[in-house]
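Engineer: one predicted model, sequence on top.
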Number of protein chains: 2
Amino acid sequence: MKKKIAVLPGDGIGREIASGAVAVLQAAGKRFGHEFEIEYADIGGAAIDSHNTPLPGSTLELARNSDAVLLGAVGGPKWDNLPSAERPERGLLAIRKELGLFANLRPIPSFQKLVQSSPLKPEIAGNVNMLIVRELTGGLYFGKPSERRGENNDIVVDTLQYTRAEIERIVVKAFEFAAGRGGKLTSVDKANVLESSRMWREIVNEKAADYPNVTVDHMYVDAAAMKLISSPGQFDVIVTENLFGDILSDEASMITGSLGMLPSASLSESGIGLYEPVHGSAPDIAGQNKANPLAMILSAALMLKYSFNMREEGEAIERAVQSVLNDGYCTQDLQMEGSTVVGTDKMIELVTQRVANGSDVATDTIVYM
Amino acid sequence: MKKKIAVLPGDGIGREIASGAVAVLQAAGKRFGHEFEIEYADIGGAAIDSHNTPLPGSTLELARNSDAVLLGAVGGPKWDNLPSAERPERGLLAIRKELGLFANLRPIPSFQKLVQSSPLKPEIAGNVNMLIVRELTGGLYFGKPSERRGENNDIVVDTLQYTRAEIERIVVKAFEFAAGRGGKLTSVDKANVLESSRMWREIVNEKAADYPNVTVDHMYVDAAAMKLISSPGQFDVIVTENLFGDILSDEASMITGSLGMLPSASLSESGIGLYEPVHGSAPDIAGQNKANPLAMILSAALMLKYSFNMREEGEAIERAVQSVLNDGYCTQDLQMEGSTVVGTDKMIELVTQRVANGSDVATDTIVYM
Ligand SMILES: [Mg+2]
Ligand SMILES: [Mg+2]
């Protein structure tokens, strides 16, 4: 197969980790007989420097004309004094909006070698493999009115708004993922209080009829915040609205023990997807061969699976990452006892080699995302 | 001092634990020379049975004519088939509203003896002593409109609304608690997205000028959800709006390792306060001498401190609870290695004795709430 990928490295460690992901992708392409055409463009601070805007039209056009977008990270002290409407982060918000990325996917796996670095006890953190599906374009963060009112501007209002169609498309997406994974969907809402949650719950129950092999649970958001800590192993796919998903996905990101391992995907109805690590641009260690490229590499694996339907290829990358960890290699951000700390380059090389020659023998502890 | 206390045991284990708290209060009154006049009334399912409504007028009147209200817990399978507007839980919502209880306080301490039952690692769970101050009567749970719209009712809207006065009173309350504790206030919002959060943050910064000895931090709600797990020991007082507080206080309740240990307080502007355990009515173990009365007893201690300004008396109860745990006694819900499991009656007796005779010698591990 031939696929065109827009790579937007962004700022800070974004460049190092993006080139790592590209190396791994090219190795997978060679091994499995695909051609990945890579085109680079600027976003964030780099784009402010080169084009005077965090999302240049040329970058957006490239993204639209590609089969998928791979993004590093944006932001850094250099641009911290700009007004908030002109900051690097605006580029991220703008591309999400322009591409209509309504479904944000955050897989939270356990990596056996990293279980000790979780704040949770090993017996709780070691048995997790969930996918959080968050609605990304509606709800309280986007509803109007969002304003001050009254004679003295002493009343303030924000609006949580959803249309039925917006809820349906994210719920259907979550059911599809649940059907392809463990067959369990937990819908998180606050239906005892919010009208929007009651509509959400109705729609989940309606759509459930189309997925007889998926078991559906409803859980209140406050209970979910408890269960994510006390028994995270019970979850398969979680689906929830924008604000709840923001809070719960960040809470759940602590389970794995390092943000440096967590990829994400954002999907649109048109089919285009954007893949990026959960972590930021870490300007303090940029260019020092210290950055952990694994979240970015795992984001590329998600791209193969979610956007190109290349399941075997994506899992080959996931297995390669797992086997490198299992062999005791890690970057300096990871706390692994008795491990060999390697730099960004070496980590990329280790994973690339194993993807290239298939020396990523399956083990009992494979993480499928 | 003479104080009148309305005791509303409610349902399930509510009766057993409420009578335990009363015994402990009477012991404290005797030792410190106070007279606590106790009057009982029904709420919840018990009130539905006796008065055909979950909050009888007579109960509300008693509460209004008392100096404080001590509440057990409401609900049970007997009333589960009632329409939601007539359920026991409505009694709780109604009394909160009628008494104007806008500030919900949830202390989250570490109990050294219980650290092993936390899902967090002992070194993280063992060093916590925070107070979450949650706004309880405004925000998204109460704003209007909360409705379906559009030709086919296919748009849904909820409204997050606050007035300046509503935010000011909760923020001031939180500053007062921070000034009397560790001098650190963390205000949680989502000011990068929500207009209501921007007003919230402005007011916090304004009020900070009146409390020069309190250090103020601002934290986004998604970051707070992470930090509560990864480094809960960093928090002293957290203040936040209703929905964020609902989610974060339940998340934080997992740290201690047992809901059976957590008290709460809800305060009004008029000065009246309602004190109740965080846990529910546990109808499955009601009347079996198995219930853990300690959250209820600690709620009574909070009442002495917060409503009656009886700091020494409240701490005497907290120390008694601590010393009973330290001596290895626990109820069946707590997982303490090498401990003596006792029934509800015996646990109440142990605490009451230590409050009565002052054999609650201070240790290094006292929990001050
Ligand atoms: Mg977030
Ligand atoms: Mg709650």
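Structural biologist: Right, received. Where do you want to start? Ligands and ions are numbered 1, 2, ... in the order given.
Engineer: bridged to the nearest residue to A:G150 once chain neighbours are set aside, which residues?
Structural biologist: Once flanking residues are discounted, A:G150 sits nearest to B:T163: 7.8 Å by CB to CB, 6 or more residues apart in numbering or on different chains. (C-beta placed from N, C-alpha, C; glycine too.) On the basis of DSSP bridges, B:T163 is bridged to A:I155.
Engineer: and B:T163, what does it touch?
Structural biologist: A:150, A:154-156, B:138 (CB atoms under 8 Å, 6 or more residues apart in numbering or on different chains).
Engineer: got any ranges where chain A has weak pLDDT?
Structural biologist: Applying pLDDT under 70 to chain A flags residues A:359-369.
Engineer: one more pass at 80, please.
Structural biologist: A:335, A:359-369 (pLDDT under 80).
Engineer: against ligand 2, how distant is the most centrally placed residue in it?
Structural biologist: For chain A, A:S264 is the residue whose C-alpha lies nearest the centre (CA atoms, centre = their mean; 1.1 Å). Look at A:S264 and ligand 2: by CB to the ion, to the nearest Å, they are 28 Å apart.
Engineer: and if you look at A:E86?
Structural biologist: 39 Å.
Engineer: that residue: what's it in contact with?
Structural biologist: Contacts of A:E86 (CB under 8 Å, 6+ apart): A:48, A:53-54.
Engineer: related to what we said a few turns ago, which of the three states applies to the residue nearest to the centre of chain A?
Structural biologist: strand (DSSP: H, G, I helix; E, B strand; the rest coil).
Engineer: surely it is in contact with A:N104?
Structural biologist: Yes: assessed by CB atoms under 8 Å, A:S264 is found in contact with A:N104 at 6.5 Å.
Engineer: okay, the contacts of B:T163 in a markdown table with distance to A:M219 and neighbour count next?
Structural biologist: Listed next are those as a markdown table, based on distance: CB to CB, whole Å; neighbours: other CB atoms under 10 Å in any protein chain shown:
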| residue | distance to A:M219 | neighbour count |
| --- | --- | --- |
| A:G150 | 37 | 11 |
| A:D154 | 36 | 16 |
| A:I155 | 33 | 18 |
| A:V156 | 30 | 25 |
| B:G138 | 25 | 20 |
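Engineer: to the chain's geometric centre, what's the distance from stretch A:76-96?
Structural biologist: In terms of CA atoms, centre = their mean, to the nearest Å, the centre of stretch A:76-96 is set 20 Å apart from its chain centre.
Engineer: the strands in the stretch 51-200 of chain A, which residues?
Structural biologist: A:68-73, A:101-109, A:129-135, A:143-149, A:155-163, A:184-189 (DSSP state E, counting those that start in this stretch).
Engineer: any idea which of the ones you listed is most buried?
Structural biologist: strand A:68-73 (a mean of 27; mean count of other CB atoms under 10 Å in any protein chain shown).
Engineer: that one: partners in the sheet, and parallel or antiparallel?
Structural biologist: strand A:2-10 (parallel), strand A:273-277 (parallel).
Engineer: out of the contacts of A:E86, which is most surrounded?
Structural biologist: A:P54 (30 neighbours; other CB atoms under 10 Å in any protein chain shown).
Engineer: just the closest of the contacts of B:T163 to ligand 2, please.
Structural biologist: Closest approach between the contacts of B:T163 and ligand 2, by CB to the ion: B:G138, at 15.9 Å.
Engineer: which stretches of chain A form helices?
Structural biologist: Applying DSSP state H to chain A gives helices spanning A:14-32, A:45-51, A:57-64, A:88-98, A:122-125, A:164-180, A:195-208, A:221-230, A:242-253, A:294-306, A:311-326, A:344-357.
Engineer: any idea which of the ones you listed gets closest to B:G180?
Structural biologist: helix A:221-230 (27.5 Å; CB to CB).
Engineer: and that closest one, does that touch ligand 2?
Structural biologist: Yes: shown here: helix A:221-230 in contact with ligand 2 (CB under 5 Å from the ion) through A:D222.
Engineer: only C-alpha atoms, please: export that helix in CSV.
Structural biologist: What follows is helix A:221-230, C-alpha atoms only, in CSV (Å, rounded to 0.1, in the frame of the first residue of the first chain):
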residue,chain,number,x,y,z
VAL,A,221,-18.1,10.6,36.4
ASP,A,222,-17.3,10.9,40.2
ALA,A,223,-17.5,7.2,40.6
ALA,A,224,-15.3,6.7,37.5
ALA,A,225,-12.7,9.0,39.0
MET,A,226,-12.6,6.7,42.0
LYS,A,227,-12.6,3.4,40.0
LEU,A,228,-9.7,4.6,37.8
ILE,A,229,-7.5,4.5,40.9
SER,A,230,-9.0,1.7,42.9
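Engineer: contacts for that helix?
Structural biologist: For helix A:221-230, using CB under 8 Å, 6+ apart, the contacting residues are A:120, A:124, A:186, A:188-190, A:219, A:234-235, A:238, A:240, A:244, A:247-248, A:251-252, A:255, B:119-120, B:225, B:229, B:246-251, B:253-254.
Engineer: go with 7 Å
Structural biologist: A:120, A:188-190, A:234, A:244, A:248, A:251-252, B:119, B:229, B:246-247, B:250-251, B:253-254 (CB atoms under 7 Å, 6 or more residues apart in numbering or on different chains).
Engineer: just stretch A:27-38 next, same as before
Structural biologist: Taking CB under 7 Å, 6+ apart as the rule, stretch A:27-38 contacts A:1-5, A:7, A:22, A:25-26, A:304, A:313, A:316-317, A:352, A:355-356, A:358.
Engineer: the closest residue to ligand 2 within chain A and A:E166, how far apart?
Structural biologist: Taking CB to the ion, ligand 2 has its nearest neighbour within chain A at A:D222, 3.5 Å off. Separation of A:D222 from A:E166 (CB to CB, to the nearest Å): 24 Å.
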